[in-house]
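A.B. asks: Requesting a structural model of the entry that follows:
(2 chains)
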There are 2 protein chains.
Amino acid sequence: MFESAEIGRTIDKARFDAAVPELREALLEAQYELQQQARFPVLILLCGVEGAGKGETVKLLNEWMDPRLIQVSTFDQPSDEELARPPAWRYWRQLPPKGRMGVFFGNWYSQMLQGRVHGDFKNAVLDQALDAASALERMLCDEGALIFKFWFHLSKSQMKARLKSLQDDPLHSWRISPLDWQQSKTYDKYVRVGERVLRRSSRDYAPWYVVEGVDEYYRSLTVGRILLEGLQAALNAKNRPLPQPHAAPLTSSLDNLGLLDSLDMSQALDKDDYNEQLITEQARLSGLLRDKRMRKHALVAVFEGNDAAGKGGAIRRVTAALDPRLYRIVQVAAPTDEERAQPYLWRFWRQIPARGKFTMFDRSWYGRVLVERVEGFCSPADWLRAYGEINDFEEQLTDAGVVLVKFWLAIDQDTQLQRFNEREQTPFKRFKITEDDWRNREKWPQYRDAVGDMVDRTSTELAPWTLVEANDKRFARVKVLRTINAALEAAFERD
Amino acid sequence: MFESAEIGRTIDKARFDAAVPELREALLEAQYELQQQARFPVLILLCGVEGAGKGETVKLLNEWMDPRLIQVSTFDQPSDEELARPPAWRYWRQLPPKGRMGVFFGNWYSQMLQGRVHGDFKNAVLDQALDAASALERMLCDEGALIFKFWFHLSKSQMKARLKSLQDDPLHSWRISPLDWQQSKTYDKYVRVGERVLRRSSRDYAPWYVVEGVDEYYRSLTVGRILLEGLQAALNAKNRPLPQPHAAPLTSSLDNLGLLDSLDMSQALDKDDYNEQLITEQARLSGLLRDKRMRKHALVAVFEGNDAAGKGGAIRRVTAALDPRLYRIVQVAAPTDEERAQPYLWRFWRQIPARGKFTMFDRSWYGRVLVERVEGFCSPADWLRAYGEINDFEEQLTDAGVVLVKFWLAIDQDTQLQRFNEREQTPFKRFKITEDDWRNREKWPQYRDAVGDMVDRTSTELAPWTLVEANDKRFARVKVLRTINAALEAAFERD
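C.D. replies: Coordinates of the predicted model:
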């Protein structure tokens, strides 16, 4: 969930300085238009890792926009008056009216996160609180509100460096957090709980935006752009149906650096190493699937990737040493008539393996947020709600003991071109290349955005994505096998 | 929540026989149209009290409609195949395709109810399960499904009589339920959990319909009519936005017998009894509000009722013996500018008393489901979602220790006419009667339906409605005071 907020995104001061004047003017204009229209309020919720720039961002927003129209509320210790009333009362009294913006610095999510990390309650109670928050946000959006939820993120090492530098800075060292962030355990727990919170409370009409906080320029510009785009879309949609989904794309990056660009695509294996490692991993998988602890689990592997990235070849290497009665390969293409008569996920639910079995999906339920999104085969509302539906679906699988591994096989554009040409020139490979493949290739940037959003929104502790550097097929195949084996072993150990 | 399903609704055989042919024909036609359009599936979930007619209703639906297009699924013990997969798999595999109807006899709610009544888990886990059910239903409706949820109800004494007669009937005595309904405790628990389930899972796009099950004719005709109206509305809405709210009214009764009609309006108090009882109850309230246990609570009393039912007079009698620093009266009329710039409930949240204090609302948040609904001041989607929002709101109040009492002061039409005339003829009362009052009077039936729906959907264990027979003002005033006192005492005892 936080993958693409840990890759060290930065932009330089020159670019920042060049972009800011225009952004500020547009934000101010949107703010005045918001006041003029007075049709809806804007609510901005800030959460995230300590030191990732929440406070700085609030300062900046007030600097960039007209502070008379922004009302910043902090929710630390409740007052006597607040303590004498239901917990939500303090939020209600601070709600911004139509035409205004409210920044909730500390909010219902901060309380849940702190309580859960402190161990004050368990997941069932956390989920109840998330429920209440969802009902509140749903109601606010039904009444017209535009809600932005920002999660400012740092990797653990980034956070440690940042805390160190804050400590040395007399302007900041006085700050006290209710959690002891110096403890490495605190970070781990916080991020784990944060993932659950984001997974369960991201809605198409009130999504979470995860922002990497390490570079001030990147962070500020990103927040400004997201606010501006969302505001403008809502201001222009005069008769917007309520609640209105936020405008896509969700995480188009400023630095043109996607998660996929952060991969080291030069990784490769020579033939001897490959042969040796392949056989080792195949034998290991075969053993694991016959292990008696497998009776409590099923295994599901999802294969997605660029065209010509080698999904088929990788799947063949996985199955090579397996008893065919133990596994099935589901190739996902256009739905059948029967499948079209059912809800989207039905065609995948019917293929879920029983305990003890292994199913590989050659393309999967992620089609909705990849090809269907990019090609416009479904409405934005449909693919926006799909992230949450998929997370729910996968949580049900993993809750039932299914070990779920998900692969994105990534190649670069040159490699793809080379493979396409090769396919066209090789008689027995010609069936593998169609007009569609060339057309998809032209939409490379849109697919890259879609993959980034997909990984950010559906890579969870329960069902993480594995990005596979697949320019070298041998490296990719071994990485796939090794990942599956590691996931199975980890599940067996947790039993 | 089950109030209007415990008043002994019946219709006679002659009326039933007269109505059925037309209903059957219309249902069949709707069913074929559904098949023709093949745009959406229909899912019917059946729950409720043992013996209230779930099974009989399923039989009847198959008899009335084309059984080839209805697929009935029961979910008793899961099969081996089902046990080997995530729990929801069994429901997914039984989903009706577009154009068909599926009856889930036993479903996700039955499981929750049984588990909670058995004590297998607590409310937090129940709420998690309700969450998962909500997510599933939301997704199904987003994909187009039309969902009907029926709760078949009997009062406890009705149920006992029914079980007795079933026991004596060799055709039925073999039936085994996972719960021991012979125990009176089981009924109480089941209904209490049922109320929580209905409160939290009734949505505008998938509402619960509560059907009194004691009379077979009433029950069958009611279910048939609800299905027919819902089906026709969905079939006619070609471009329905998804998920689509169900059509109103929610519980227009077949026997023209509303909850309000079941009141004994002849109840009265003579002057001496009144004076004595009034003073006793006023002193009791004054004492309770000064009780030190009141520090943990606040008191909120909501007054709604027919025009000229005597709300003002009742409120004055409540406050007569109280220290004015302890209470406030909030008169709810048109919202102010500031209130209009906020979500609907904001104007009420701001008036919530601190612990130790008492607030009376002369008209209240129920305006949305009464006057706003009847007069069309808000859209059906708005007032349909209001029931759930209000229940959430009131649950937050009671969770925080607020004792909430809600009064509907009911008078009959003759009494109202008499009071209106009196007001017009009495100089100092003339300000109390306006054109609006006469206009509202013409909408008596619509208001009656709205009040019935309101009580059915928002009378909860936490915040029950008290219907006050107010033809006799003295009787009404004493009943109001006595109810408040009893509620406070009950809350103190629970501490």
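
A.B. asks: Which parts of the stretch 101-250 of chain A are strands?
C.D. replies: For the stretch 101-250 of chain A, the strands defined by DSSP state E, counting those that start in this stretch occupy A:101-105, A:146-153, A:208-212.

A.B. asks: With only the CA atoms kept, save the last one in PDB.
C.D. replies: The C-alpha trace of strand A:208-212 is given here as PDB (Å, rounded to 0.1, in the frame of the first residue of the first chain):
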ATOM      1  CA  TRP A 208      -6.800   8.100   0.600                       C
ATOM      2  CA  TYR A 209      -3.900   9.800  -1.200                       C
ATOM      3  CA  VAL A 210      -0.500   8.400  -0.100                       C
ATOM      4  CA  VAL A 211       2.200  11.100  -0.400                       C
ATOM      5  CA  GLU A 212       5.900  10.400   0.000                       C
END
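
A.B. asks: show me the contacts for the closest residue in space to residue A:52 that isn't next to it in sequence.
C.D. replies: Here the nearest residue to residue A:52 in space, its sequence neighbours aside, is residue A:213; by CB to CB, 6 or more residues apart in numbering or on different chains that works out to 3.1 Å. From N, CA and C alone the C-beta is placed, and that goes for glycine too. Residue A:213 makes contacts with A:5, A:48-49, A:51-53, A:152-154, A:158, A:219, as judged by CB atoms under 8 Å, 6 or more residues apart in numbering or on different chains.

A.B. asks: List the ones among the residues you listed that fall in helices.
C.D. replies: Counting by DSSP state H, the part of the contacts of residue A:213 found in helices is A:158, A:219.

A.B. asks: now, among the contacts of residue A:213, which is nearest to chain B?
C.D. replies: The shortest distance between chain B and any of those, using CB to the nearest CB, involves residue A:48 and amounts to 24.8 Å.

A.B. asks: how near is the closest one to residue A:316?
C.D. replies: Residue A:48 sits at a distance of 43 Å from residue A:316 (criterion: CB to CB, to the nearest Å).

A.B. asks: In the contacts of residue A:213, find the pair that's most separated.
C.D. replies: The largest separation in the contacts of residue A:213, counting by CB to CB, is between A:5 and A:51 at 13.7 Å.

A.B. asks: Could you tell me how far residue A:18 is located from chain B?
C.D. replies: Using CB to the nearest CB, to the nearest Å, we find residue A:18 at a distance of 38 Å from chain B.

A.B. asks: Let me know the secondary structure of the nearest residue to residue A:329 once chain neighbours are set aside.
C.D. replies: Spatial nearest neighbour of residue A:329, chain neighbours left out: residue A:360 (4.9 Å); criterion: CB to CB, 6+ apart. Local secondary structure at residue A:360 is given as strand here, using DSSP: H, G, I helix; E, B strand; the rest coil.

A.B. asks: and residue A:360, what does it touch?
C.D. replies: The contact partners of residue A:360, taken as CB under 8 Å, 6+ apart, are A:300-301, A:303, A:315, A:318-319, A:327-330.

A.B. asks: likewise residue A:35?
C.D. replies: Each residue near residue A:35 by CB under 8 Å, 6+ apart is listed here: A:69, A:99-100.

A.B. asks: Mind pulling up the pLDDT for residue A:430?
C.D. replies: According to the per-residue confidence, residue A:430 scores 75 in pLDDT.
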